[in-house]
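> need a structure here:
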Amino acid sequence: MVEAQEQVPEVKITSLRFTSDKAHCIAANTRGFDVIRMADGVTVKSCTKFPHGLQFAITLGRTSHFLVVGTGEGTEELRQALYIWDDAKQCKAGVITFSHEIVDVRTETERWVVVQLAGQPDLLVFDFAKGFSKEAAKLPLPTAMVHESDKFKDFKHASEN
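Have a look, this model is predicted:
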């Protein structure tokens with residue numbers, strides 16, 4: 001008797017980001033993320049704790065923490081929420097939720113986090129050393145970038161295809 005095998009969905013990459021030292025890249029995908037060593041292409045870390053996938057993942061400086069944003073496909077990881085993933089403990093360590101979808105996140109060391117929201121006129125700058133509940137500054141964006149980021153609200157990830 002032949003047993004039916006469960007069909008495992010293909011893992012698709014949703015974004016690639018280099019670490020600050022350019023020695024690794026982080027491939028967010030439809031189940032989590034992988035950290036790949038650039039010198040030889042070896043996956044040195046893999047996280048599959050996000051069943052609906054991630055829009056992107058980036059390191060928080062040289063810590064064991066990652067900043068991740070979900071695809072919005074499930075109810076667990078929203079596109080409006082920035083999650084702090086503690087890789088050492090393999091759990092979410094915090095979250096900040098915004099009123100609009102996150103377009104991009106950048107970091108500078110462990111301290112500074114910059115967030116761009118869809119259709120919003122400013123970049124939000126957070127000083128992680130002072131907490132993550134209120135932005136430390138707002139940096140205005142050119143109007144063309146605001147209009148371009150507004151298109152992100154209707155963006156659908158490859159996991160739907």
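> ranges for the helices of the chain?
Assigned by DSSP state H, the chain shows helices spanning 143-150.
> so how far is stretch 56-74 from its chain's centroid?
Here stretch 56-74 is found 4 Å from its chain centre; the criterion is C-alpha atoms, centre = their mean, to the nearest Å.
> Would you mark the buried spots in that stretch?
Going by neighbour count (16 or more other C-beta atoms under 10 Å), the buried part of stretch 56-74 is 56-60, 65-73. For the C-beta atoms, the positions are set from N, CA and C on the backbone; glycine is no exception.
> Could I get these in a markdown table, plus columns for distance to residue 17?
Putting the buried residues of stretch 56-74 into a markdown table (distance: C-beta to C-beta, whole Å) gives the following:
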| residue | distance to residue 17 |
| --- | --- |
| 56 | 6 |
| 57 | 7 |
| 58 | 5 |
| 59 | 8 |
| 60 | 12 |
| 65 | 15 |
| 66 | 10 |
| 67 | 10 |
| 68 | 11 |
| 69 | 11 |
| 70 | 16 |
| 71 | 15 |
| 72 | 19 |
| 73 | 20 |
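> Mind putting those into TSV with pLDDT and distance to residue 102?
Shown next, in TSV, are the buried residues of stretch 56-74 (pLDDT from 0 to 100; distance: C-beta to C-beta, whole Å):
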residue	pLDDT	distance to residue 102
56	91	9
57	94	12
58	92	12
59	90	17
60	86	15
65	90	17
66	93	14
67	92	10
68	94	10
69	93	5
70	90	9
71	88	11
72	83	10
73	84	15
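> now, among the residues you listed, which is nearest to residue 101?
residue 72 (7.5 Å; C-beta to C-beta).
> Nearest residue to the closest one in space, please, no chain neighbours.
The shortest distance from residue 72 to any non-neighbouring residue, by C-beta to C-beta, 6 or more residues apart in numbering, is to residue 79 (3.8 Å).
> Now do the one you found: how many residues are near it, please.
20 (other C-beta atoms under 10 Å).
> surely it meets residue 101?
Yes - between residue 79 and residue 101 there is a contact under C-beta atoms under 8 Å: 4.4 Å.
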